[in-house]
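Novice: predicted structure and sequence below. I'll ask about it afterward.
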Amino acid sequence: MEFVIKQSVLKDELGFVQGIVEKKSTIPVLSNILIESVGENTIRIVGTDLDVTIRCEATADIRQPGAMCIQARKLFDIVRLLEDADVHFTKDENEWVKLNCGKSNFRLAGVSKDNFPEVPSFKNAPMKLSAEIFNHFIQNTAFAITNEQSRFTLSGAKFVIADGTAKMVTTDGHRLAFVEKHLAENSQTESMDALIPKKALMELVKISRDSDGDISFGEDPNHIYFEVDGRLLITRKLSGTFPNYEMVIPKDNDKVAIFDAEEMKAAIRRVSLMADERTRSVKMTIRNGEIEIGAQSSEEGEANEKVSAEYSGDEVQVGFNSQYLQEFLNVVSSKETEAPVTENESEGETVRVKESHNRLKIAFEFKDGNAQTQMKPSGDKNYDYKYIVMPLRI
């Protein structure tokens, strides 16, 4: 095999693929990527960890068709440091590969294509959803996915699209993130209900982040296929039954406090420095006009801070894992809009007046200090977004 490709093009595609490749795999060939020719002017680059596969295509001058397998991380490290010029690849004897770019010359050890795992055959992708919606779903839910490998069915997101709505739900057993979007009429005729692994979600964000179009997707009994801007991501579905999340979403939280997202995030960040390292617990005392956040450690001391809030009612105390609050607030925090500027003329002088910023408010809904609480951006008409957290005993 022999081909020539622009360094900038190759660097971008390798950046997407190498995120999938296992750095330290018990199966050595999985640390490699497969590069093969497709037609006269296209190469296909494939990386896989057997659960998630990414396939990218790039324009190249194919001088001799064929295939080669090269160590993914090493190739990416080399290519990103090369000058912005044409990169010339030549496959040599015994799977060795020569790489030339300007005055730089490399010779890399490869492996036989026969050792590379077979990639699932691409099925059709009949459904479409904008990259913007998909990325919003993932950004607002992925942080609540469990990191415990033993809880297999919770190690991904439940994605449902049916009856004119799309929704994504994640949980780790202590908290739950839910986001739903009503779609345009007749925009979807197909439906899907599947569990998508967290790694696949993160890689989908990477390959679609700069896209202003749609992500096409489809499924077979074992896999889900996502296609965006000529790149294909294939992931195994998670098996098992996702918990009945509708039972967790509170229906009778009759108390509501509304606070500024950025102000609360900063306060919790400061106060949690004094939280117990094991429980990370902070205590929120909700009273008329304010929420007081407190934390203490028997060995290090204590801290408290007050945040103004729109609330009138009985005083309630609730305990939380501060990390659960911070991760939610980090995602939704401070979507400040650029304030309009008005001009007033007074005695020939122009006075520029900047109006106050529109800052994101959070509605904090609760019943008492023992039941699950619900948080959501106040006044968001585009998405139905809820974050439910189980309180700690205080």
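Specialist: Perfect, I can see it now.

Novice: quick check: buried residues in stretch 25-37?
Specialist: Judged by neighbour count using 16 or more other C-beta atoms under 10 Å, the buried positions of stretch 25-37 are V29, L30, S31, N32, I33, L34, I35, E36, S37. Every C-beta, even on glycine, is put in place using the N, C-alpha and C of the backbone.

Novice: same question for stretch 137-144.
Specialist: Quick answer for stretch 137-144 (16+ other C-beta under 10 Å): F137, I138, N140, T141, A142, F143, A144.

Novice: now swap in stretch 229-243 and tell me
Specialist: R231, L232, L233, I234, T235, R236, K237, L238, F242.

Novice: same check, this time on stretch 17-26
Specialist: V17, Q18, G19, I20, V21, E22.

Novice: before we move on, back to that, going by distance to E180, which of the buried residues of stretch 137-144 wins?
Specialist: For the buried residues of stretch 137-144, the minimum distance to E180 (C-beta to C-beta) is 9.1 Å, reached by F137.

Novice: after the helix or strand encompassing the closest one comes which helix or strand?
Specialist: Using DSSP states H and E, F137 sits in helix 131-141. Using DSSP H and E, the helix or strand that follows helix 131-141 towards the C-terminus is strand 156-162.

Novice: in that next one, what's buried?
Specialist: Neighbour-count burial for strand 156-162 flags G156, A157, K158, F159, V160, I161 (criterion: 16+ other C-beta under 10 Å).

Novice: then stretch 285-295?
Specialist: Neighbour-count burial for stretch 285-295 [16+ other C-beta under 10 Å]: T285, I286, R287, I291, E292, I293, G294, A295.

Novice: without its sequence neighbours, what residue ends up closest to the second one?
Specialist: Closest residue to I286 in three dimensions, ignoring its sequence neighbours and counting by C-beta to C-beta, 6 or more residues apart in numbering: V316, at 4.9 Å.

Novice: who touches that neighbour in this structure?
Specialist: K255, T285, I286, F366, D368, G369 (C-beta atoms under 8 Å, 6 or more residues apart in numbering).

Novice: which one of those residues is nearest to P221?
Specialist: Nearest to P221 among these is F366, at 42.0 Å by C-beta to C-beta.

Novice: with adjacent residues omitted, what lies nearest to the closest one?
Specialist: T373 (4.3 Å).

Novice: hmm, which two among the buried residues of stretch 285-295 are most spread apart?
Specialist: Those two in the buried residues of stretch 285-295 that are separated most widely, counting by C-beta to C-beta, are R287 and A295, at 17.7 Å.

Novice: how about the strands of the stretch 201-350 of the chain, start to end?
Specialist: 214-219, 223-228, 231-236, 255-260, 281-287, 290-297, 301-310, 316-321, 341-346, 349-354 (DSSP state E, counting those that start in this stretch).

Novice: quick one: closest of those to Q7.
Specialist: Across the strands of the stretch 201-350 of the chain, Q7 has its closest neighbour in strand 231-236 (19.0 Å, C-beta to C-beta).

Novice: what angle sits between the closest one and strand 156-162?
Specialist: For strand 231-236 against strand 156-162, the angle by axes from the mean of the first three to the mean of the last three C-alpha atoms, to 10 degrees is 110 degrees.

Novice: give me the contact list for strand 231-236.
Specialist: Strand 231-236 has contacts (C-beta under 8 Å, 6+ apart) with 16, 51-57, 119-120, 122, 196-197, 199-200, 203-204, 207, 222-227.

Novice: M284: neighbouring residues, count only.
Specialist: 26 (other C-beta atoms under 10 Å).

Novice: report the contact partners of it.
Specialist: I291, E292, I293, Q317, V318, G319, F320.

Novice: give me the buried positions along stretch 163-177.
Specialist: Residues of stretch 163-177 classed as buried by neighbour count (16+ other C-beta under 10 Å): A166, K167, M168, V169, T170, T171, D172, R175, L176, A177.
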